[in-house]
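Participant: When you get a sec, could you give me coordinates for this:
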Amino acid sequence: MRSKFDEQLNNLNNELIKMGALCEEAISGVTKLLIDNDQKMKDSVFEADKEIDRKERDIETLCMRLLLHQQPIASDLRLVSSALKMISDMERIGDQASDIAEMAEYANCSGLQSEIHIADMARATIEMVTDSIDSFVKRDVDMAHSVIKHDTVVDNLFDEVKGELISAIEQKSANAEALCDLLMIAKYFERIGDHAENIAEWVIYSITGQHVESKI
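Facilitator: Predicted structure coming up:
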């Protein structure tokens with residue numbers, strides 16, 4: 001029975017890693033769409049979001065099977081319950097990447113200083129998502145804590161972008177509607193950072209049994 005359970009736990013780990021890779025793919029794709037105007041990435045982002053949704057359902061089913069048909073010990077229960085929380089955050093990351101892709105073509109940010117900071121936000125959130133998944137794979141508590149601390153970088157970048165966009169709107173230096181869309185995009189990146197932080201918090205809980213207060 002235990003060997004079968006360990007096999008299913010290993011399968012759960014692998015599925016979480018695949019779902020995390022899809023999140024990274026979605027964010028990278030939407031960044032190319034937004035910053036490089038690479039329109040080919042739009043469908044890729046939407047497809048990644050759909051696949052993330054499918055993975056969420058598959059992992060939920062696997063977790064329920066582990067809980068109902070096996071006899072997990074305390075550490076196993078922490079892992080399975082953390083997985084259920086993590087996939088919820090990953091699913092939201094996919095949704096928000098898709099939302100950015102929807103808005104990208106309307107947010108003409110060429111020539112604005114804020115474009116640089118949005119690119120920085122995108123890179124910072126990709127790093128957070130990647131490291132949160134890596135901390136799970138490596139069972140690395142220190143890396144997970146670093147992800148949590150790095151969220152401050154994304155928050156500060158959002159404040160910079162917001163200030164720049166407000167100034168641009170006041171000066172009427174660009175289309176106000178496009179600037180508002182750009183602000184929404186920045187907010188989505190900030191929320192992706194929050195979800196990556198949540199994933200890192202659940203990694204810590206799955207390893208140590210200690211809760212870190214969540215932002216979402």
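Participant: Going by C-alpha atoms from here, please, whenever you check contacts or count neighbours.
Facilitator: Will do.
Participant: Residue ranges in the chain under the pLDDT threshold?
Facilitator: Residues of the chain meeting the criterion pLDDT under 70: 1-2, 70, 107-116, 173-174, 213-216.
Participant: And the helices in it?
Facilitator: 2-36, 41-69, 74-104, 114-138, 141-171, 176-208 (DSSP state H).
Participant: Same list (these) but as CSV, adding mean neighbour count.
Facilitator: Formatted as CSV, those follow (neighbours: other Cα atoms under 10 Å):
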stretch, mean neighbour count
helix 2-36, 19
helix 41-69, 18
helix 74-104, 21
helix 114-138, 21
helix 141-171, 18
helix 176-208, 24
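Participant: Quick check: the gap between Arg123 and Val212.
Facilitator: Using Cα to Cα, to the nearest Å, Arg123 is found at 25 Å from Val212.
Participant: now Asp142
Facilitator: Using Cα to Cα, Asp142 is found at 13 Å from Val212.
Participant: For the closest residue to Gln39 other than its chain neighbours, give me its contacts.
Facilitator: Once flanking residues are discounted, Gln39 sits nearest to Leu33: 5.7 Å by Cα to Cα, 6 or more residues apart in numbering. Taking Cα atoms under 8 Å, 6 or more residues apart in numbering as the criterion, Leu33 is in contact with 39-42, 101, 104.
Participant: can you rerun that using 7 Å?
Facilitator: Remark: with contacts taken as Cα atoms under 7 Å, 6 or more residues apart in numbering, Leu33 is in contact with 39, 41-42.
Participant: try Leu84
Facilitator: Glu60.
Participant: Next one: it from Glu60, what distance?
Facilitator: In terms of Cα to Cα, Leu84 sits 7 Å off from Glu60.
Participant: and what of Glu91?
Facilitator: Plainly put, Glu91 is 12 Å away from Glu60 if you go by Cα to Cα.
Participant: do Ile166 as well
Facilitator: 42 Å.
Participant: now do Ser75
Facilitator: Relative to Glu60, Ser75 is positioned 18 Å away (Cα to Cα).
Participant: for Asp155, same thing?
Facilitator: Applying Cα to Cα, the value for Asp155 to Glu60 is 31 Å.
Participant: ok, now Ile204?
Facilitator: According to Cα to Cα, Ile204 and Glu60 sit 20 Å apart.
Participant: With Val45 instead?
Facilitator: As for Val45, its distance to Glu60 is 23 Å (criterion: Cα to Cα).
Participant: cool, and Ala74?
Facilitator: Counting by Cα to Cα, the gap from Ala74 to Glu60 is 19 Å.
Participant: Next: Asp36.
Facilitator: From Asp36 over to Glu60 (counting by Cα to Cα), the distance is 36 Å.
Participant: Please apply the same query to Met90.
Facilitator: For Met90 relative to Glu60 (Cα to Cα), the value is 13 Å.
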